[in-house]
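> Sequence and predicted structure are below.
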Amino acid sequence: MKKILLVLIIVLVTISCDDSQKSNNENEVSGKLEVFVVNYPLYYFTEIIGGAHVDILFPIPAYVDPALWVPDEELEEIQKVDLILSNGAGYAKWMEKVSLPVSKIINTTGEISNTYIEQKQTKTHSHGSEGEHVHDDFEYTTWLDFNIAIVQAASVKKALSELRPGLKEEFEENFRVLKKELMGFNEKMIQLGKKLNGRTLFASHPVYQYMARAYDLDIISMHWEPDELLTEKDWLSFKQALENQPSDIMLWEKEPGNEIRLILNELGLKTVVFNPAGNTSENIDFSILMEQNMLALENYITSKPD
């Protein structure tokens, strides 16, 4: 009788352990991952790859540059997420000054940090409400080189797969779809670079360095804001630069004010908006923004044949 009871106890314990293990595995697969991202490109990559298995925390207002944003009461919520996705290259410097769980942080460009572009301009300037600051580290709009964007997306996929190994195949498939899209953008930019054929492009702000290097573009960057009036000194300096490097195009992150546009027109420069997509834009996703950017550049090339 005692032997029978012992056997029954062992069977019940085994079943209980199996059920517990099964329950844990189900939770591992079904529980959503909470992920904080520092910019919109990483939001987009995480959304595509993670799908319904992620809740993404991106509390940065649409009118703020995520690179310069600093959390306040949001910090406590950020500290509690499962995964923190960093851009690297000096982006979001606040991360170096606050207490964050290091084990949760993934630098999505960490594997290619040797390819970071050092900033050459150290002029103190302001971005509206963000106040004065100095660019004195690395250029950080890495994703405008779509080869680097693919690396960043792969880092997202790897991080999600390590936290949810049961969903690895699904993440892999979603990544393949995203990679195909980014490779298409890369090829389009290669063709646009060839069509520009070494023409000098001015840019309102130094955000296009990775794009310039990847697609062989000659870009001269200013430090202008689209909604801030320029001084006479600013215009004289620009005219001098234009004499030294003639051009008929200026890239902008968003549409400049009418006064700036009129003066640029008088100087023979066409305004072309190429939005880096660091933040969201009127509910238009990353893919559509990039298509619009390239179409604007294509239209300029078509209107200005060699």
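Received the coordinates, thanks.

> got a list of what residue 91 touches?
Contacts for residue 91 (CB atoms under 8 Å, 6 or more residues apart in numbering) come out as 38, 39, 67, 140, 142. C-beta here means a position set from N, CA and C on the backbone, and glycine is covered the same way.

> I'd like the mean pLDDT over stretch 95-106, please.
Summarised as a single mean, pLDDT over stretch 95-106 is 96.

> Quote the end-to-end distance of it.
End-to-end span of stretch 95-106 (CA to CA, to the nearest Å): 12 Å.

> can you list contacts of it?
With CB under 8 Å, 6+ apart, stretch 95-106 has contacts from 38, 71, 75, 78-79, 81-86, 155-156, 159.

> Now with 6 Å, please.
Outside stretch 95-106, the residues that touch it by CB atoms under 6 Å, 6 or more residues apart in numbering are 83, 84, 85, 86, 159.

> swap in stretch 292-300?
188, 192, 249, 270, 272, 273, 274, 275.

> would you list these in a markdown table and tack on secondary structure and distance to residue 53?
Below are these laid out as a markdown table (DSSP: H, G, I helix; E, B strand; the rest coil; distance: CB to CB, whole Å):
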| residue | secondary structure | distance to residue 53 |
| --- | --- | --- |
| 188 | helix | 30 |
| 192 | helix | 36 |
| 249 | strand | 43 |
| 270 | strand | 44 |
| 272 | strand | 38 |
| 273 | strand | 35 |
| 274 | coil | 33 |
| 275 | coil | 29 |
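
> Take the contacts of stretch 95-106 and keep only those in helices.
Members of the contacts of stretch 95-106 lying in helices (criterion: DSSP state H): residue 159.

> which one of the contacts of stretch 95-106 is nearest residue 179?
Nearest to residue 179 among the contacts of stretch 95-106, counting by CB to CB, is residue 159 at 15.9 Å.

> Can you give me every residue that contacts that closest one?
Contact analysis of residue 159 by CB under 6 Å, 6+ apart lists 83, 106.

> ditto for residue 272
Taking CB under 6 Å, 6+ apart as the test, what residue 272 contacts is 249, 251, 296, 300.

> Neighbour-wise, which one of these leads?
In terms of neighbour count, residue 251 stands highest of these at 25 neighbours, by other CB atoms under 10 Å.

> State the pLDDT value of that residue.
98.

> Okay, and it sits in which element?
Using DSSP states H and E, residue 251 sits in strand 249-252.

> Could you list the buried residues of the following helix or strand past that strand?
The C-terminal neighbour of strand 249-252 among helices and strands, as given by DSSP H and E, is helix 258-266. Buried residues in helix 258-266, counted by 16 or more other CB atoms under 10 Å: 260, 261, 264.

> mind exporting helix 258-266 as CSV, just the C-alpha atoms?
Output of helix 258-266 as CSV, limited to C-alpha atoms (Å, rounded to 0.1, in the frame of the first residue of the first chain):
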residue,chain,number,x,y,z
ASN,A,258,8.9,81.8,-46.4
GLU,A,259,11.5,84.5,-45.9
ILE,A,260,14.4,82.0,-46.0
ARG,A,261,12.8,80.3,-49.0
LEU,A,262,12.5,83.5,-50.9
ILE,A,263,16.1,84.5,-50.4
LEU,A,264,17.3,81.0,-51.4
ASN,A,265,15.2,81.3,-54.6
GLU,A,266,16.9,84.6,-55.3
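
> Identify the residues contacting that helix?
residue 271.

> Now residue 35: closest residue in space that isn't a chain neighbour?
residue 83 (4.6 Å; CB to CB, 6 or more residues apart in numbering).
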